[in-house]
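In: Predicted model follows, preceded by the sequence.
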Amino acid sequence: MIRLNQLSMHYMLGESRIDILHEVNLEITAGERVAIAGPSGTGKTSLLLLLAGLERPAAGSVRFDDRSLGELDRDQLADLRRDCMGIVFQSFHLVPSLTALDNAALPLEIAGCRDARARARVLLDKVGLGARLDHYPGQLSGGEQQRVAIARALVHEPKLVLADEPTGNLDDRTGAAIGELLLDLNAQTGTTLILVTHDMAFARRCDRVLRLSGGALTEMQFESDDTHAQPA
Ligand SMILES: Nc1ncnc2c1ncn2[C@@H]1O[C@H](COP(=O)(O)OP(=O)(O)OP(=O)(O)O)[C@@H](O)[C@H]1O
């Protein structure tokens, strides 16, 4: 489903160059659950942005279902994201003027789905926000906003979910419930999951854990009960 070929990326800030990825190759098959871990500031969020076509690489390519993102224009990329992806950013990107229910229903409303609000309500219930449907983002806590963003990312059952620390701001119990929701979605609909997480217990429930460090992605290997694994 996803193929990274010799992918390189850096940011320029004035004269200084921040290297994020150096000639990375990776294949992710449909239905896979992939966790991305690694120290703060190594580029995990940037990698998700590349996968979503929201950043352009310096070299190499990102292919999604045999389409090269580099060959798509802005509108085609936006269509691809709308139709095929559910994205959870660290900053949530909720629409401030819409209620939790309308935010969560947005992808289905845009797709012209008649039962958009009913389906969004079911998901908001599942993330524990059944009593917050009519609240605006400014009236919700950070963790509640995060859960609305997760409901919005999942509501149209996308082929691919890209989530940046989806359990990061949540207490253990709520975080575990959100983790279950993502894994259930994967089990039920075959959604491919690519999740940035520092939560190793959650990461280990994925098929693969990749560590991003020094511009390289390395697959982590675990002993049976070792939650402090080193990259292979
Ligand atoms: N638009 C930008 N311009 C310049 N530098 C940037 C930009 N965005 C990110 N960076 C830098 O690139 C590096 C990687 O950032 P990124 O957010 O991808 O890291 P991360 O691994 O997701 O970090 P964290 O785990 O703390 O969320 C950081 O050093 C950051 O300061």
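Out: That came through, no problem.

In: all contacts plus neighbour counts: C-alpha atoms, from now on.
Out: Will do.

In: For the longest helix along the chain, buried residues please.
Out: The longest helix of the chain (DSSP state H) is helix 172-189. Under the neighbour-count criterion of 16 or more other Cα atoms under 10 Å, helix 172-189 has 174-175, 177-179, 181-183, 185-186 buried.

In: Show me the strands in the protein, by range?
Out: Assigned by DSSP state E, the strands in the chain fall at 2-13, 16-28, 33-37, 59-64, 67-68, 85-88, 160-164, 192-196, 208-213, 216-219.

In: Columns mean pLDDT and mean neighbour count on top of the ones you listed, output as a markdown table?
Out: Shown next, in a markdown table, are the strands of the chain (pLDDT from 0 to 100; neighbours: other Cα atoms under 10 Å):
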| stretch | mean pLDDT | mean neighbour count |
| --- | --- | --- |
| strand 2-13 | 95 | 17 |
| strand 16-28 | 95 | 16 |
| strand 33-37 | 97 | 25 |
| strand 59-64 | 97 | 20 |
| strand 67-68 | 94 | 14 |
| strand 85-88 | 94 | 25 |
| strand 160-164 | 96 | 24 |
| strand 192-196 | 97 | 26 |
| strand 208-213 | 96 | 21 |
| strand 216-219 | 95 | 19 |
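
In: Could you dump those strands into a markdown table and include distance to the ligand?
Out: Output for those, formatted as a markdown table (distance: least, Cα to the nearest ligand atom, whole Å):
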| stretch | distance to the ligand |
| --- | --- |
| strand 2-13 | 5 |
| strand 16-28 | 6 |
| strand 33-37 | 8 |
| strand 59-64 | 17 |
| strand 67-68 | 22 |
| strand 85-88 | 13 |
| strand 160-164 | 8 |
| strand 192-196 | 8 |
| strand 208-213 | 8 |
| strand 216-219 | 12 |
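
In: Make JSON lines out of the ones you listed and add distance to Val148.
Out: Shown next, in JSON lines, are the strands of the chain (distance: least, Cα to Cα, whole Å):
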{"stretch": "strand 2-13", "distance to Val148": "27"}
{"stretch": "strand 16-28", "distance to Val148": "27"}
{"stretch": "strand 33-37", "distance to Val148": "21"}
{"stretch": "strand 59-64", "distance to Val148": "26"}
{"stretch": "strand 67-68", "distance to Val148": "30"}
{"stretch": "strand 85-88", "distance to Val148": "10"}
{"stretch": "strand 160-164", "distance to Val148": "13"}
{"stretch": "strand 192-196", "distance to Val148": "17"}
{"stretch": "strand 208-213", "distance to Val148": "26"}
{"stretch": "strand 216-219", "distance to Val148": "30"}
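
In: Could you say which one of the ones you listed comes nearest to Gly128?
Out: Counting by Cα to Cα, Gly128 lies closest to strand 85-88 out of the strands of the chain; the figure is 17.1 Å.

In: Spit out the contact partners of the residue located most distally from the centre of the chain.
Out: In the chain, the residue that sits farthest from the middle, by Cα atoms, centre = their mean, is Glu15; the gap is 31.1 Å. Glu15 sits next to no residue when contact means Cα atoms under 8 Å, 6 or more residues apart in numbering.

In: so how far is Leu51 from it?
Out: Here the criterion is Cα to Cα, to the nearest Å. By it, Glu15 lies 27 Å from Leu51.

In: Please apply the same query to Ile36.
Out: According to Cα to Cα, Ile36 stands 13 Å off from Leu51.
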